[in-house]
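Chemist: A structural model of the following input is requested.
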Amino acid sequence: MNNEELYHVLALLHTEGIGDVMAKKLITHFGSATAVFSAKKQQLLAVSGIGTSIFSALKAKQNFAKATQEIAFINANGIQYYYFKDTHYPAYLKHCFDAPVLLFRKGNINIEQQKIISIVGTRQMTNYGKAVLEEVFQGIKEYNPIIISGLAYGVDIYAHKLALKHQLQTIAVLAHGLDRIYPAVHKKYAEQMLENGGLLTDFWSGTNPDRENFVKRNRIVAGISQATIVIESAEKGGSLITADIANSYNRDVFAIPGRITDAYSRGCNQLIKTNRAAVLTSSKDLAYILNWEKEDTTKQHIQKQLFVELSNQEKDVYAYLLKEGKQQIDMIGLHCNLPTFKIASILLNLELKGVVRPLPGKIFEAV
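Modeler: All right, here's what the predicted structure looks like:
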């Protein structure tokens with residue numbers, strides 16, 4: 001994306017009444033953010049959801065002044081960004097309807113691989129939570145996953161510190177701009193993370209870590225990863241919101257069970273009780289359900305039917321799996337340009353026809 005387009009993307013995002021969903025809709029409709037601002041009034045009003053108030057807001061001078069200010073910050077501080085139309089935009093997140101148009105980043109982030117997990121939980125972490133998390137890391141480090149969390153007190157920072165200890169890439173998703181670190185006491189860990197991982201946010205410079213920003217941030221934590229693990233949580237808390245968002249994105253959610261008398265196990269126990277999370281008692285559970293286990297060379301051969309009749313969409317999905325191998329359901333839908341509910345139905349039909357095999361972790365492969 002060139003500087004002119006970045007300037008207009010920022011101006012669009014700063015326009016009152018336009019959020020990520022509407023901004024993506026306008027950019028997709030007109031082809032670019034620059035074209036949005038060049039469009040005539042009747043062209044803009046023809047887009048569903050655009051009324052005269054938003055049309056007028058697009059003309060506000062402060063939008064462009066703020067865009068100029070943010071570009072200056074980006075250039076002065078070596079900030080990079082993911083743009084939703086770019087091929088290197090985080091693949092899991094790209095599938096989420098409310099994913100950010102722009103995701104600012106700092107550090108040495110390589111998020112191309114598929115093994116990405118988010119770890120969340122209470123800020124009042126107990127010794128039990130620490131022991132469990134340490135055991136989880138001992139088991140998953142051989143798979144070299146990327147660890148996502150939020151740099152907050154408690155579970156978040158402990159997950160980042162363990163990732164640093166085991167030399168795993170770790171990324172903090174912030175609830176404020178990249179001009180600060182909150183809480184400030186975690187700045188030294190944030191700086192260490194820049195070497196293998198880094199910082200992500202969709203908030204502009206000058207944005208304070210206000211309460212509502214943490215809730216908004218949680219959609220990125222849930223959406224950017226393959227699965228979310230809740231280590232400990234009270235009956236209410238931000239980690240439960242993250243788990244609900246992950247479920248809405250059709251992602252795997254895991255929770256650590258605890259004693260019914262422990263305040264910071266009640267949230268996890270409730271997630272498990274209501275079937276909103278799988279029980280995680282060992283890292284082996286995680287590796288199996290997410291299909292991280294090594295390939296089983298002795299697996300039973302499944303005879304594929306000959307001369308199977310496939311619809312055009314079924315052919316597209318089958319061809320994609322033949323080319324790419326094992327793929328998660330969201331990735332199949334993304335690359336075949338099909339919504340999740342539709343891709344699930346197609347995969348079921350292909351499975352019944354004997355040409356596709358389901359695997360743990362909502363992953364499928366061609367037979």
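
Chemist: which other helices and strands contact the longest strand anywhere in the chain?
Modeler: What stands out as the longest strand in the chain, according to DSSP state E, is strand 102-108. Contacts of strand 102-108 with other secondary structure elements, assessed using 3 or more Cβ pairs under 8 Å, 6 or more residues apart in numbering; DSSP states H and E, are made with helix 3-13, strand 80-83, strand 197-201. Using the backbone N, CA and C atoms, a C-beta is placed for each residue, glycine as well.

Chemist: if we use 10 Å, what do you get?
Modeler: Under the contact definition 3 or more Cβ pairs under 10 Å, 6 or more residues apart in numbering; DSSP states H and E, strand 102-108 sits against helix 3-13, helix 61-77, strand 80-83, strand 170-173, helix 187-193, strand 197-201.

Chemist: any idea of the angle that strand forms with strand 197-201?
Modeler: 160 degrees (axes from the mean of the first three to the mean of the last three Cα atoms, to 10 degrees).

Chemist: which SSE is immediately downstream of strand 102-108?
Modeler: strand 116-120 (DSSP states H and E).

Chemist: number of residues surrounding Lys273?
Modeler: The burial metric for Lys273, expressed as a neighbour count using other Cβ atoms under 10 Å, is 11.

Chemist: how near is the residue nearest to the spatial centre of the chain to Gly206?
Modeler: Taking Cα atoms, centre = their mean, the centroid of the chain lies closest to Ile224, which sits 1.5 Å from it. Distance, Ile224 to Gly206, using Cβ to Cβ, to the nearest Å: 24 Å.

Chemist: could you do Thr15 as well?
Modeler: Applying Cβ to Cβ, the value for Thr15 to Gly206 is 17 Å.

Chemist: these two: which is more packed in?
Modeler: Thr15 (23 against 13).

Chemist: per-residue pLDDT, that one?
Modeler: Thr15 carries a pLDDT score of 94 in this model.

Chemist: ok so it is a helix residue?
Modeler: No. Applying DSSP: H, G, I helix; E, B strand; the rest coil, one finds Thr15 to be coil, outside a helix.

Chemist: surely it meets Val101?
Modeler: No. Under the contact definition of Cβ atoms under 10 Å, Thr15 does not touch Val101, with a separation of 11.8 Å.

Chemist: now do the contacts for Ala23.
Modeler: Taking Cβ atoms under 10 Å, 6 or more residues apart in numbering as the contact definition, Ala23 lies against 9, 12-13, 15, 33, 36, 84, 100-102.

Chemist: looking at the residues you listed, which is nearest Phe137?
Modeler: Pro100 (28.6 Å; Cβ to Cβ).

Chemist: next, give phi and psi for the closest one.
Modeler: With angles defined as degrees, to the nearest 10, Pro100 shows backbone torsions of phi -60, psi 150.

Chemist: quick one: neighbours of the closest residue to it other than its chain neighbours, just the number.
Modeler: Spatial nearest neighbour of Pro100, excluding adjacent residues (Cβ to Cβ, 6 or more residues apart in numbering): Asp202 at 3.7 Å. Using other Cβ under 10 Å, the number of residues around Asp202 comes to 24.

Chemist: the stretch 251-367 of the chain: helices as residue ranges?
Modeler: For the stretch 251-367 of the chain, helices defined by DSSP state H, counting those that start in this stretch occupy the ranges 266-273, 283-289, 312-324, 329-335, 340-352.

Chemist: so what's Glu142 up against?
Modeler: With contacts taken as Cβ under 10 Å, 6+ apart, Glu142 has the following neighbours: 166, 283, 287, 292, 294.
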